[in-house]
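Asker: Okay, sequence plus prediction incoming.
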Amino acid sequence: MSQFARSAITAVLGPTNTGKTHLAVERLCAHSSGIMGFPLRLLAREVYDRVVRIKGERHVGLITGEEKILPPDARWLLCTAESMPVDRDVAFVALDEAQLGADEERGHIFTDRLLRARGREETMILGSASMTPMIRALVPEAEIISRPRFSQLSYAGPKKLSRLPPRTAIVAFSAEHVYAVAEMLRRTRGGCAVVMGALSPATRNAQVAMYQAGEVDYLVATDAIGMGLNMDVGHVAFASLTKFDGKRQRRLRLPEMAQIAGRAGRHQRDGSFGVLAGGPDSAEFTEQEIERIEDHHFAPMDHLLWRNPDLDFHSIETLMDSLDVRPEGPVLRAAPEAIDLSVLRVLETDPAVRDRARGTKMVARLWSACGLPDFRKTGADHHARLVSQIFGFISDGRGTIPAAWFAQELARLDSVQGDVETVAARIAAVRTWSYVAHRADWLDDPAHWAEKTRTLELKLSDALHQKLTERFVDRRTSVLMKSIGHDPALLDVEVDEAGAVSVDGETIGALHGFRFTPDAAARGQDHKRLLAAAELRLPKELARRAQRLSEAPDAAFHLLTEAGMPVRLAYQGLPIAHLKAGRSLLDPRLVLDPSIARLDAAARQLIEQRAATWLEKRVRQRVGPLAKIAHAARQADTPASLRGILAQLADQGGVLQRNLVDAALATLDRKDRHALHHMGIVVGTLDLFIPSILKPEPSRVRLALLAVRADVPMPPLPLAGLGLLDKPAPALAAAAHQAGYRRFGDQMLRVDLVEKIARAAHDARGKDRTAILNPALATSLGVGNATLGRIMRALGFLPAGSAPGHGWRWRGRPRRAERQTPVNAAFAALSQLKR
């Protein structure tokens, strides 16, 4: 500390990451009072928060153009350079980034503070080593202390966006370019934080906090990052080496490059810099630039920019004359025309303004209005209109802006709707009104309006942070990228009751049964990454699901028989296997769904065994009589003639045209026929069938098994309980034939109902072999006269007369040639469906 006691003015010069700001804050807090000026509102706010933690909120103030926190007992003030109260008597004064005295837009402000801002006990000037000649020329009494960089800074060459290391800051020089780079990072690396000088402190802090906490590994910023914002950055990548400085597009100057590159590395940790490969100008650093940045060796500054601070407010003319005064001495040069002077030149030609700006007080008031910053970046001409309107208010009547008009301007901005650019533009406009509200004599109740603007800015800042995060941060991808290479067993993977899969709280997709579906919004590389993540992280959950399936009750399973689709077995409504032809009709084999086939052997075996057990039981339950017939057909003690009938009946699914087994039936004795009856088989006039399996559910299962054996999709099913089909479509007709319906012209009637008509006819037959049927029977079945005639002929009856009421004469069972021949239309139709 003794080195500071020897001199009232100290210049601490050196490259970035030398701890200059930290040192100045220590000195500030060591004194009884003090002021420190910064180039950015964001940086002033950052140090303000730090000093508040040391000194307490009651004793620390913050003064910027748009924000003023000034407790009555404030003794330590953190300010932007423009807002430094240079006439305030304090023990300590510090100016940060003094080399900005050469900046064409704001340089005259920093030069003025360098020359005039002094502490009663100590003054500290912070800047780059290139400032040494300027300090010696302008502040010869200052003691110069050089600070070496704490860590090494090295050039890492160009890198593609996908190759950038974590903890990288990418620097661009326009909002459009920042957003473009941020969008690419969202797609490839999970997102980034965004920091720009135009952001409010609240938005900036929220974005930086997200980066510092490791929620994202990348930061995209404008060159504001070079002005001392302290973040944990390991590598700085320049998205471009040119910038628009308000007048022209130009290449960055070497000190600007170094200022930005120097943000890489922190304390004792080394940093690196380079360019973003494929940048808009495809520029590279020259060998000389690289060498000088690495060695922190830059040409000494030979001038600073100056504007006369002693202004003459007697008239607009004298004011402008005093602003045009040229500096004296070799190291000070006249500053280019700043926005405030440009606005004054515009307004000077306005008769209304000239008429009001009379006398020292009003000219000074006009100049203060011209000092309203152009936060919206609209340019001098457009900005002058707003300044003129404000000057009109503060130069008339009460000399204040009407509260109703001011409230209306704020109300127009009180909306969080719109995209990032829209909300950012509103914040820029609110900053204008914040500046106005912090002018003590421009509003009747400035404290009230300052609070209103602060609240609105915070509201918009929260919305902007949310929109930036939504637009440029894919938390899901970020989580996945961070966990690459980690032990999957250590990852926090959750699957909720609805099947949503999340990793560290970020949804990556959904698990439907055993099939993982990536998030619907994922595209391209994201889609592949999510599939890979699920493959790594879901085995334990899938194994648990397999165990639950193996223990599930029968009600959890179902046979899916959707027309036109393969026959499948489902668990909790989701397919787990396809049915394929097996050793017999009633013994199909199961082919596990691909999502299950990828499980480990133990899980697959659990699922396969449980599914096979359920299917076997379901077939037994629904078509049990058919299973018994098939079993009897295989028994050696069953008579050969009976085995043949049973085998054909089982093979055809429980419905068999009688003419196919007439010869075998003729050989059966009474005992064999009794055996058929005992097995539930009806030997009808036209068909052999099992009545119990003609019901809707057994029919559905039979048709499914027949479709599986034929390797065709599931056919359409006749409506449950419908015994008659009128003009069925070909596919339905083919399926109905297999289900147990016979075609008679345009209509099909179920075989048990055909047999019902047959028995009624035989029961009504008299001695003359004529049967007169009760018309109510045909009516109840929905059978028309034409269809009934075809049925009766098929049964062996002929009309007894020309009128229907004459009845039907039995002529005996029709000869073989007259009977319906076997029709393979069902399989033909189903095969056509398959093709």
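Answerer: Thanks, I have it. Nothing here was measured: the structure is a model prediction, and the numbers come from that model.

Asker: make it CA atoms for all contacts and neighbour counts henceforth
Answerer: Fine.

Asker: which regions of the stretch 101-250 of the chain lie under the pLDDT threshold?
Answerer: Confidence mapping of the stretch 101-250 of the chain against pLDDT under 70 gives the ranges 198, 226-230.

Asker: ok, which stretches of it are helices?
Answerer: Secondary structure of the stretch 101-250 of the chain by DSSP state H, counting those that start in this stretch: the helices cover 107-116, 132-138, 175-189, 201-212.

Asker: Next: the stretch 251-400 of the chain.
Answerer: Assigned by DSSP H, counting those that start in this stretch, the helices in the stretch 251-400 of the chain fall at 254-261, 287-295, 316-323, 339-347, 351-356, 360-370, 380-394.

Asker: Adding distance to A778 and mean pLDDT, write those out as a markdown table.
Answerer: Compiled in a markdown table, the helices of the stretch 251-400 of the chain are given as follows (distance: least, Cα to Cα, whole Å; pLDDT from 0 to 100):
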| stretch | distance to A778 | mean pLDDT |
| --- | --- | --- |
| helix 254-261 | 97 | 88 |
| helix 287-295 | 102 | 91 |
| helix 316-323 | 113 | 94 |
| helix 339-347 | 101 | 94 |
| helix 351-356 | 105 | 92 |
| helix 360-370 | 102 | 95 |
| helix 380-394 | 94 | 94 |
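
Asker: Those helices: which one's closest to V683?
Answerer: Among the helices of the stretch 251-400 of the chain, the nearest to V683 by Cα to Cα is helix 254-261 (96.3 Å).

Asker: how about that closest one: buried residues?
Answerer: 254-255, 257-261 (16 or more other Cα atoms under 10 Å).

Asker: want to try CSV for those, with distance to E46 as columns?
Answerer: Converted to CSV, the buried residues of helix 254-261 look like this (distance: Cα to Cα, whole Å):
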residue, distance to E46
L254, 27
P255, 24
M257, 23
A258, 22
Q259, 19
I260, 18
A261, 21
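
Asker: and which of these is nearest to A182?
Answerer: I260 (18.3 Å).

Asker: quick revisit: of all the helices of the stretch 251-400 of the chain, which one is nearest R622?
Answerer: R622 lies closest, by Cα to Cα, to one member of the helices of the stretch 251-400 of the chain: helix 254-261, at 77.7 Å.

Asker: packing partners for the closest one?
Answerer: Packing partners of helix 254-261 (3 or more Cα pairs under 8 Å, 6 or more residues apart in numbering; DSSP states H and E): helix 287-295.

Asker: now the helix it packs on against helix 254-261, angle please.
Answerer: Interaxial angle, helix 287-295 versus helix 254-261 (axes from the mean of the first three to the mean of the last three Cα atoms, to 10 degrees): 50 degrees.

Asker: V591: which of the helices of the stretch 251-400 of the chain is closest?
Answerer: Closest approach to V591 among these is made by helix 254-261 (61.0 Å; Cα to Cα).

Asker: how about P566, phi and psi?
Answerer: phi -60, psi 150 (degrees, to the nearest 10).

Asker: Once you drop chain neighbours, what's closest to it?
Answerer: Residue nearest to P566 in three dimensions, not counting chain neighbours: P713, with 4.7 Å by Cα to Cα, 6 or more residues apart in numbering.
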